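K.L.:
Predicted model follows, preceded by the sequence.
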Amino acid sequence: MSLAGAAKAAAVWGFESPRITLAAARENVVYRLDAGEIYALRMHRVGYRSAEELRHELAWIGAMAEAGLPVPRPVALPSGALVTEVEGQLVSVVTWLGGAPLGAPSEMKNVRDRPAFCRKLGEAMAALHEACDAWPPAKGFARPAWDRAGLLGDAPLWGRFWEHPDFNAVERDLLMAARAQADKDLAALEGALDYGLIHADLVGQNVMWDGVNVGLIDFDDGGYGFRVFELATFLLRYMDEPDYPELRVALCEGYGVRAAIDPQELHLFLMLRAFTYPGWFMDRSDEPNTAARAARANATALKLAQAFMER
């Protein structure tokens with residue numbers, strides 16, 4: 001949606017002549033509204049989430065904010081609704097969190113002590129999961145499930161990753177073999193794994209840092225999942241960094257205020273997280289910069305699948 005469309009949406013919320021600037025154009029297009037206080041106006045990707053799913057996401061983060069978690073608060077329309085449609089696109093507004101995102105994969109912008117930051121982030125993840133377990137969602141709570149079927153079934157949440165057209169026959173066979181073995185391993189584990197509501201997309205762009213405080217934004221993919229998947233999502237982007245071992249230990253230590261993380265389970269979920277991305281890019285092949293990003297994602301998935309099968 002254009003800046004003019006964002007202005008129209010802001011008017012629907014009752015903001016009078018706010019200063020509007022583009023903040024992000026990723027899965028959703030996000031505008032920063034400066035109206036005395038600062039807000040994020042989110043123009044949601046058409047067809048990705050239903051209005052019901054978005055209402056439940058906003059109710060969820062509202063409850064997390066009330067519990068003291070460092071997340072945005074939903075901003076209701078004058079009617080009390082949390083979501084509306086403007087020019088054929090679903091729109092919502094949340095409060096703006098301070099700080100700046102960590103940035104692209106491998107980056108931790110404005111972070112001087114990377115392990116210390118990861119320890120804080122692990123603590124924030126633990127606090128989020130504790131608060132989620134204490135919150136009773138409304139009946140019919142509609143959010144995706146990052147469960148065994150959602151990760152490894154015939155119709156995974158982000159697509160049939162093994163069918164990415166850039167994989168050759170040998171690579172596809174490797175991914176299919178790793179998928180089959182991982183499904184057996186996860187079937188044996190899933191009853192003992194911690195499972196509940198998770199953010200599910202704590203990559204650098206969704207983690208805020210002001211030098212002191214960690215903030216968590218963009219719960220668009222949040223739903224039910226294995227808690228170790230949350231840690232794997234963040235760590236996957238740093239696996240090739242020289243300080244990765246220190247970052248992994250620090251993140252797990254921070255999360256340890258809630259529960260210990262089994263190293264073998266984490267290795268499994270790093271691969272499962274890597275498997276999600278080829279499918280995700282397959283559905284966005286016509287978007288800018290997709291080819292290079294997909295090539296990196298495919299290479300990571302293959303590398304982890306090979307290591308998994310050789311273990």
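P.N.:
Okay, I see it. All of these numbers come straight from a predicted model, not from anything done at the bench.
K.L.:
Chain neighbours aside, what residue packs nearest to the most centrally placed residue in the chain?
P.N.:
Centroid-nearest residue in the chain: D201, 1.2 Å away (criterion: Cα atoms, centre = their mean). Leaving aside its chain neighbours, D201 sits nearest to D221 (4.3 Å; criterion: Cβ to Cβ, 6 or more residues apart in numbering). C-beta here means a position set from N, CA and C on the backbone, and glycine is covered the same way.
K.L.:
cool, and I261?
P.N.:
Once flanking residues are discounted, I261 sits nearest to C252: 4.4 Å by Cβ to Cβ, 6+ apart.
K.L.:
ok, back up a step: check the gap between the residue nearest to the centre of the chain and P144 for me.
P.N.:
Remark: distance between D201 and P144 (Cβ to Cβ, to the nearest Å) = 11 Å.
K.L.:
Next, show the common contact partners of the two.
P.N.:
Contact criterion Cβ atoms under 8 Å, 6 or more residues apart in numbering; residues shared by D201 and P144: D221.
K.L.:
quick one: low-confidence ranges for the protein?
P.N.:
Scanning the chain for pLDDT under 70 picks out the ranges 1.
K.L.:
Using the record's assignment, carve it into domains.
P.N.:
Domain segmentation of the chain under automatic domain parsing yields 3-96, 114-309.
K.L.:
from the chain's centre, how far out does the longest one sit?
P.N.:
What it means is domain 114-309. 8 Å (Cα atoms, centre = their mean, to the nearest Å).
K.L.:
CA atoms only for the helix or strand harbouring L231, dumped as PDB, please.
P.N.:
Assigned by DSSP states H and E, L231 belongs to helix 227-235. Only the C-alpha atoms of helix 227-235 are listed here, as PDB (Å, rounded to 0.1, in the frame of the first residue of the first chain):
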ATOM      1  CA  ARG A 227      10.100 -24.200  22.500                       C
ATOM      2  CA  VAL A 228      13.500 -25.300  21.200                       C
ATOM      3  CA  PHE A 229      12.400 -24.200  17.700                       C
ATOM      4  CA  GLU A 230      12.400 -20.600  19.100                       C
ATOM      5  CA  LEU A 231      16.100 -20.800  20.000                       C
ATOM      6  CA  ALA A 232      17.000 -22.500  16.700                       C
ATOM      7  CA  THR A 233      15.300 -19.800  14.700                       C
ATOM      8  CA  PHE A 234      17.600 -17.100  16.100                       C
ATOM      9  CA  LEU A 235      20.800 -19.200  16.200                       C
END
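K.L.:
before we move on, the earlier item: and for the residue nearest to I261, the neighbour number?
P.N.:
Neighbours of C252 under the rule other Cβ atoms under 10 Å: 21.
K.L.:
Surely it and L231 touch.
P.N.:
Yes. At 6.9 Å, C252 and L231 qualify as touching, with contact defined as Cβ atoms under 8 Å.
K.L.:
hey, where'd the strands end up in the protein?
P.N.:
Using DSSP state E, the strands found in the chain span residues 19-25, 29-35, 37-43, 84-86, 89-95, 100-101, 145-146, 195-198, 207-209, 214-216, 223-226.
K.L.:
Using TSV, lay out those together with mean neighbour count.
P.N.:
Below are the strands of the chain laid out as TSV (neighbours: other Cβ atoms under 10 Å):
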stretch	mean neighbour count
strand 19-25	13
strand 29-35	19
strand 37-43	20
strand 84-86	15
strand 89-95	22
strand 100-101	17
strand 145-146	20
strand 195-198	20
strand 207-209	21
strand 214-216	22
strand 223-226	23
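K.L.:
hang on, the earlier thing: intersection of neighbour lists for C252 and L231?
P.N.:
Shared contacts of C252 and L231 (Cβ under 8 Å, 6+ apart): G122, I261, L266.
K.L.:
What are the neighbouring residues in contact with the residue nearest to the centre of the chain?
P.N.:
If you count contacts by Cβ under 8 Å, 6+ apart, D201 has them with D218, F219, D220, D221, G222, T233.
K.L.:
and the gap between V94 and P101?
P.N.:
From V94 to P101 the distance is 15 Å (Cβ to Cβ).
K.L.:
no wait, G88
P.N.:
Using Cβ to Cβ, one gets 28 Å for the distance from G88 to P101.
K.L.:
Likewise for A259?
P.N.:
Taking Cβ to Cβ as the measure, A259 falls 27 Å from P101.
K.L.:
Check P115 too.
P.N.:
P115 sits at a distance of 19 Å from P101 (criterion: Cβ to Cβ).
K.L.:
before we move on, the earlier item: nearest to D243, out of the strands of the chain?
P.N.:
Of all these, strand 207-209 sits nearest to D243, with 16.7 Å by Cβ to Cβ.
K.L.:
Direction included, what does the closest one pair up with?
P.N.:
With DSSP bridges as the test, strand 207-209 is paired with strand 100-101 (antiparallel), strand 214-216 (antiparallel).
K.L.:
end to end, how far does stretch 201-209 reach?
P.N.:
Taking Cα to Cα, to the nearest Å as the measure, stretch 201-209 stretches 16 Å from start to finish.
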